[in-house]
Every structure is written in C-alpha cells, then in structure tokens.
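Enquirer: got a predicted structure here, sequence first:
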2 protein chains.
Amino acid sequence: MPKVVDAEERRRRLVEAVWRLTVRTGLEGVTLRKVAAEAGVSMGQVQHYYASREELVADAVARAVAALNARIEASIRAAGGEQDAETILRTCLTAVLGRDEEGMRLLRLSVAVLGQAVSDPAMAKVLAPADGELVAFTAALIAAARADRGVPPLEDGGVAADICWTLATGLGVEVALGQRSAEAAERVLEHHIAAVLR
Amino acid sequence: MPKVVDAEERRRRLVEAVWRLTVRTGLEGVTLRKVAAEAGVSMGQVQHYYASREELVADAVARAVAALNARIEASIRAAGGEQDAETILRTCLTAVLGRDEEGMRLLRLSVAVLGQAVSDPAMAKVLAPADGELVAFTAALIAAARADRGVPPLEDGGVAADICWTLATGLGVEVALGQRSAEAAERVLEHHIAAVLR
DNA sequence: CGGGTTACAATGCACTCGCATTGTAAAGAG
DNA sequence: CTCTTTACAATGCGAGTGCATTGTAACCCG
C-alpha cells in the first residue's frame, strides 16, 4: 500500500470548501471546479475522493448535520450536571441560532440546502430537525424546570417541547436569512421559554 | 399597434410553469428551455416576455409571495366581521400551512426559494415572513381574544404575536419538506394558541 | 531494486446553459 | 393597398458543466 495520505483530512478539506461555496453562492453554485479551486487543489483530487457531484454534496450535508447535532450535544454537556434544568433548556435551544461564526455558517448552510430538500426526499430525511429522542429529552427538561419552580406539570409536555424546537428552527431560518439578528432571536426564544415555565 | 395579445395572461402562464418546475426539480432545475416546454410554448416566447432568467425567476417569486399574502388576507376577510377574535386568529395563522393543494404548492415553492435567499439578500427581503403591520394586527387579535376570555392582557403582546408567526412559518417549512402533515401542524399551532390565550 | 498499487494531474468530450441574432407572420394605421 | 410595429420562432454561439480517460509521480512490499 503506497503513497499513504490522510484520506479523512482530504475529504474534510473538500467538504469545508463545499460549505463555504454553498453559503456564498447557493447550492447550485457548487461545481466540481469551483470546489477544487476553493479547496486549493486540482479537480482530479476531487474526483478521486468523490465519484460524483451528488456524492460530494450528500457527504457535505451529512457532515454539516452531524456537526450541528454535535453542537447541541456539546452545549448540553457543557451546561449539564451541576446546572439547573432551566439553564440547560435555554442553552441547548439557543445552540442552533448561530451565535458564533461556526454556528452561523452551519445554520446558513442548512437553510441553503432546504431548497433541494423540497424536491429531494432523501435530503429532507437527513435534515429532519428534532428527532423523537431530543424532543423527549427536552420535555423532561421542561418538566424538571417547572418542578423546580413549583409549577404544576403540563398535561402535554411533548407538544410543548415540539413547539420549542420548531420555534427555534423557525428563528434559525430567519437568522440565516439576515431577517433577524442572533441576539434578537435569542431574546424571542427566551421569552417563549419563560412563558412555557409559567 | 398590431398583434394585440394578453401579455398578462402570457406572463401568468410562464410564471406558473416556473412554480411547477421549482417544486418538482428545485430552483436550479428551472431553465429557460424547461420553462418553455412546461408552459407548452417556444423558448422565443419566454425570451420575449423576460429579458433574462433572473428577471423571470424574480417575477415568479414576487407573484408567489403576493399570492400567499392574498391568501392570508382572504382568510381574514372570510372569517372576519361577525366571528370572535380567537377564530380569526386561528384562521389566519393556519392559512400558511398548505392545507389545500394551491397552498401546498405556494408553501413548497417558498421553501425551495429559501436556498437562494441565503446567498441573495434581495430575495431574502422579498421573502420577509410577517411584516410589522401583520404582527401588530395579530397582537391586537390576541389581546381581544384574551379579553373575550376574561384573561388579563399580556405585558408583551407584540412578542407573543411574533412568536406565533415564527412558529407558523417553522411549521410551514416542515410541512413543505414532508416531515409533518398539514393536519399535524395545525394541531400543534392550535395547542400553542390555546397556551397563549391562557 | 524492480513491480504494483495508490494518489493524484491534465486533458478531452458530449452536453446544456443563458442569451444574441435573425427571420417571419399578423394586424392595425394611413 | 403598403408600411410599420408587435409577437413570436428558430437557430447559433461561447461558456461552463459533470464525468471519462490517460499520464505520471510517489511509495511500500518483496
């Protein structure tokens, strides 16, 4: 086995080039040549690691979704343990609002991909916002936070958690489009959390 | 002035072809040739009415947004007058969830365009979800509905109305992607409205 | 020190794209 | 009637696309 290179590192470079290009010019502006140029490599290298453009884009999207999920989990872990339920709830919901630059890039990328997802069910599946497990976890957080406050539990906590995540993603879209600042979105979310815990 | 034809009717035909194509194959699948074929006309006719592809797409999006706004207003007018505030609130919020086929098409089209809007500020502006006037109107509805129920007014009704519309558009995105049925989205919205009026 | 496999680089090809150009049929104006 | 303007239809062109093919340098195994 000759010419040992770090294939994973190459793919990551290419995928990040796709991310930047997508945010800058939209998904339709992602061509093999532009990706190669953006990554500072030859087009041959792109073809060597991805058999087709479709495969490249799919991998880029999959990695972006994974990175976003990792961010949510990381935010839970960072605030978890000693903190109270309300703080954890606040933290993980605001994790998808693109506060820092990396988060903003991932957010804008996700929205840019939404267009494709309308006509491509496979993509829509990958982009599924909050899975059942996360909603259940959030419902537990809401219940715990209400208990901490001495407020009686909701009769339908699952729907409340569902609404929280749908609102958060809705806000995320507006932030990605520049229609709302990340800080303003955070304030709105804050307001809703306060209402849910009352 | 010879050869009098109904230019508005021609444009409408072309725009509707763009709508169908966009929903079916995404915005990047909209080419002048495909639009001509979809509308059953020659490519020359498309060029005759639109100087560039960009102009064509922009007009298609603008007309779609106008149609969506018209739907909201129509729903308000249909439920307005004799009905109570809560019913009107319910009706106009659910108007953007794509219950019928026409609404579903407009909804999916809007989401398909979101991708472009990320890298095109002009499009993002056109797609602005709920303008200030609509939010103010909604806040008034919420206040009236709470008064009807004998519940004290919210201290921050503007934010509550804002949240309602952001949640509705968030639900709309999920419906457009097929991740949630229009009926399920309506139930969730119903649940939130009930919470806001409590 | 070959030999074989890997990792590219470079080029070519068929195709599609938006748009420009040119031709032409029809209809009201005079 | 002719003339002029409108409303297309048809074709052409250069650029850009994804992908296939071919060439070549590097490296480990024996």
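Expert: Sure, I can see it. Keep in mind the model is a prediction, meaning the values are calculated, not measured.
Enquirer: name the helix or strand for the one residue in chain A that gets nearest to DNA strand C, please.
Expert: Among the residues of chain A, A:G44 lies closest to DNA strand C, at 2.3 Å counting by CB to the nearest atom of the strand. Heads up, the C-betas are built off the backbone N, CA and C, glycines and all. Assigned by DSSP states H and E, A:G44 belongs to helix A:43-49.
Enquirer: would you tell me whether the lowest-mean-pLDDT helix or strand in chain A gets close to chain B?
Expert: Counting by mean pLDDT, DSSP states H and E, chain A has its least confident helix or strand at helix A:121-126, which shows a mean of 92. Yes: under the criterion of CB under 8 Å from any CB of the partner chain, chain B is reached by helix A:121-126 at A:121, A:124.
Enquirer: look at A:E86 and give its secondary structure.
Expert: helix (DSSP: H, G, I helix; E, B strand; the rest coil).
Enquirer: that one contacts A:D148, doesn't it?
Expert: Yes: the criterion here is CB atoms under 8 Å, and A:E86 meets it with A:D148 at 6.7 Å.
Enquirer: where in chain A is pLDDT low?
Expert: A:1-4 (pLDDT under 70).
Enquirer: and with 80 instead?
Expert: Counting by pLDDT under 80, chain A shows low-confidence ranges at A:1-5, A:80-82, A:129-130.
Enquirer: middle-most residue in it, spatially?
Expert: Central residue of chain A (CA atoms, centre = their mean): A:L68, 3.5 Å from the mean position.
Enquirer: excluding residues flanking it in the chain, which one is nearest that residue?
Expert: Once flanking residues are discounted, A:L68 sits nearest to A:L106: 5.2 Å by CB to CB, 6 or more residues apart in numbering or on different chains.
Enquirer: just the element for that neighbour, please.
Expert: Assigned by DSSP H and E, A:L106 belongs to helix A:101-119.
Enquirer: give me the distance from that helix to the chain's centre.
Expert: 8 Å (CA atoms, centre = their mean, to the nearest Å).
Enquirer: buried sites along that helix?
Expert: For helix A:101-119, burial by neighbour count (16 or more other CB atoms under 10 Å in any protein chain shown) applies to A:103-119.
Enquirer: again with stretch A:35-47
Expert: By 16+ other CB under 10 Å, the buried positions in stretch A:35-47 come out as A:35-36, A:38-39, A:41, A:45-46.
Enquirer: CA atoms only for it - export them in CSV, please.
Expert: The C-alpha trace of stretch A:35-47 is given here as CSV (Å, rounded to 0.1, in the frame of the first residue of the first chain):
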residue,chain,number,x,y,z
VAL,A,35,-14.8,23.3,-5.1
ALA,A,36,-11.4,22.3,-6.3
ALA,A,37,-10.4,26.0,-6.6
GLU,A,38,-11.9,26.8,-3.2
ALA,A,39,-10.0,24.0,-1.5
GLY,A,40,-6.8,24.9,-3.4
VAL,A,41,-6.5,21.5,-5.0
SER,A,42,-6.8,20.1,-8.5
MET,A,43,-10.1,18.9,-9.9
GLY,A,44,-8.6,15.4,-10.2
GLN,A,45,-8.3,15.2,-6.5
VAL,A,46,-12.0,16.0,-6.0
GLN,A,47,-12.9,13.3,-8.5
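Enquirer: sketch out the helices for chain A, chain order is fine.
Expert: Using DSSP state H, the helices of chain A run over A:7-25, A:32-39, A:43-49, A:53-79, A:85-93, A:101-119, A:121-126, A:132-149, A:157-176, A:182-196.
Enquirer: tell me which of those helices sits most buried.
Expert: Across these, averaging neighbours per residue (mean count of other CB atoms under 10 Å in any protein chain shown) puts helix A:157-176 on top, at a mean of 24.
Enquirer: remind me what it packs against, helices and strands.
Expert: Helix A:157-176 makes packing contacts with helix A:85-93, helix A:101-119, helix A:132-149, helix A:182-196, helix B:157-176, helix B:182-196 when contacts are defined by 3 or more CB pairs under 8 Å, 6 or more residues apart in numbering or on different chains; DSSP states H and E.
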